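[1] Generate coordinates for the sequence data below:
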Amino acid sequence: MAKHGKKYRAAATEVDRARTYELTEAVRFMKAHPVATFDETAEIAFRMGLDPKKSDQAVRGTVTLPHGTGREVRVAVFADGPAAEAAREAGAEAVGFEDLLAKVQGGWLDFDVAVATPEAMREVRKLGKVLGPRGLMPNPKTGTVTADTAAAVRQCKAGRVEFRMDRQGNILAPFGRLSFSEADLAENAQAVIEAVWAAKPAAARGIYIKRCTVSSTMGPGLRIQVKEAVA
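    Next comes the predicted model:
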């Protein structure tokens, strides 16, 4: 296992592991302790009090960050006819149906989000082994299976982030870059927290969110007070 660098170790020694930080305080710490030379992504992680093996306790959704993600989002749209033209006008990087299906089947995956019309999904589902493992399969729950392809493309490019609970019961989502202002990062993080709370399944019992931590790409994590961030 690779050892952490000097900057990480220096930042980690200042984190009080026994404390639960307020969101704004944690964001301020992250910005004051950059670890990498590049503009790191700010990330928020949740440890859920759910059973990931039970389908009725799955958590999945999307949230549009009020201040965007800080990176360009490349969108591929599976559609034809007017829906395809609308997607092109909205700024999608790749639009098509049979030709795009063949291209992806051949291994092309140079995009961050895939959108499909309900009609196109009958064929797109056949790409499950290609798109599924990479989290690129369009899904009605995240708004990426829709007849309104233009709106979906605009939302993706405006800073929409998808989140889902993994097999270990964790959720990880980006909420901006360290170059963002403290206020913008805090507002973005709060939007993610509120979206995760809103996605609480009816079958959830007991503690819903066990732990919530924010960190930069390369930096140490700080546990935050989730309820105070939502209040």
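[2] all contacts plus neighbour counts: C-alpha atoms, from now on.
    Noted.
[3] so how far is G96 from the residue located most distally from the centre of the chain?
    Distance from the C-alpha centroid of the chain, by CA atoms, centre = their mean, peaks at G81 (30.0 Å). Between G81 and G96 the computed distance is 9 Å (CA to CA, to the nearest Å).
[4] Same check on P138?
    From P138 to G96 the distance is 15 Å (CA to CA).
[5] Compare those two (neighbour count), which wins?
    The neighbour count for P138 versus G96, taken as other CA atoms under 10 Å, is higher for P138 (25 against 22).
[6] For that one, which non-adjacent residue is spatially closest?
    Take P138 and drop its neighbours on the chain: the residue closest to it by CA to CA, 6 or more residues apart in numbering is T144, 5.0 Å away.
[7] Pretty sure the one you found sits against V115.
    Yes. The pair T144 / V115 is scored as a contact, 4.6 Å apart, by CA atoms under 8 Å.
[8] shared neighbours, the two?
    Residues touching both T144 and V115 by CA atoms under 8 Å, 6 or more residues apart in numbering: 138, 152.
[9] Looking at these two, which one has more neighbours?
    It is V115, of T144 and V115, that has more neighbours when counted by other CA under 10 Å, with 33 against 25.
[10] That one against A152, yeah?
    Yes. V115 lies in contact with A152 (CA under 8 Å); the separation is 7.3 Å.
[11] who touches both of these two?
    Joint contacts of V115 and A152 (CA under 8 Å, 6+ apart) are 144, 146.
[12] got the residue ranges for the strands in the protein?
    In the chain, strands defined by DSSP state E lie at 41-48, 60-64, 75-78, 94-96, 113-116, 160-164, 170-177, 209-216, 222-223, listed in chain order.
[13] a markdown table for those, including mean pLDDT?
    Below are these laid out as a markdown table (pLDDT from 0 to 100):
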| stretch | mean pLDDT |
| --- | --- |
| strand 41-48 | 97 |
| strand 60-64 | 89 |
| strand 75-78 | 98 |
| strand 94-96 | 97 |
| strand 113-116 | 96 |
| strand 160-164 | 89 |
| strand 170-177 | 96 |
| strand 209-216 | 96 |
| strand 222-223 | 97 |
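[14] Out of the ones you listed, which one sits most buried?
    strand 113-116 (a mean of 28; mean count of other CA atoms under 10 Å).
[15] N188 and G70 touch, don't they?
    No. Using CA under 8 Å, N188 makes no contact with G70, being 11.2 Å away.
[16] and the closest residue to E72 other than its chain neighbours, how many residues sit next to it?
    The shortest distance from E72 to any non-neighbouring residue, by CA to CA, 6+ apart, is to K157 (7.1 Å). When counting by other CA under 10 Å, one arrives at 22 neighbours for K157.
[17] Could you report the separation of F38 from K6?
    Separation of F38 from K6 (CA to CA): 16 Å.
[18] D16 too?
    18 Å.
[19] For the chain, which segments count as helices?
    6-12, 23-32, 81-90, 98-105, 121-124, 128-131, 149-158, 182-198, 226-230 (DSSP state H).
[20] Now render the ones you listed as JSON lines, adding distance to G206 and mean pLDDT.
    As requested, the helices of the chain are arranged in JSON lines below (distance: least, CA to CA, whole Å; pLDDT from 0 to 100):
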{"stretch": "helix 6-12", "distance to G206": "32", "mean pLDDT": "91"}
{"stretch": "helix 23-32", "distance to G206": "23", "mean pLDDT": "96"}
{"stretch": "helix 81-90", "distance to G206": "43", "mean pLDDT": "97"}
{"stretch": "helix 98-105", "distance to G206": "42", "mean pLDDT": "96"}
{"stretch": "helix 121-124", "distance to G206": "37", "mean pLDDT": "96"}
{"stretch": "helix 128-131", "distance to G206": "34", "mean pLDDT": "94"}
{"stretch": "helix 149-158", "distance to G206": "33", "mean pLDDT": "93"}
{"stretch": "helix 182-198", "distance to G206": "14", "mean pLDDT": "96"}
{"stretch": "helix 226-230", "distance to G206": "15", "mean pLDDT": "60"}
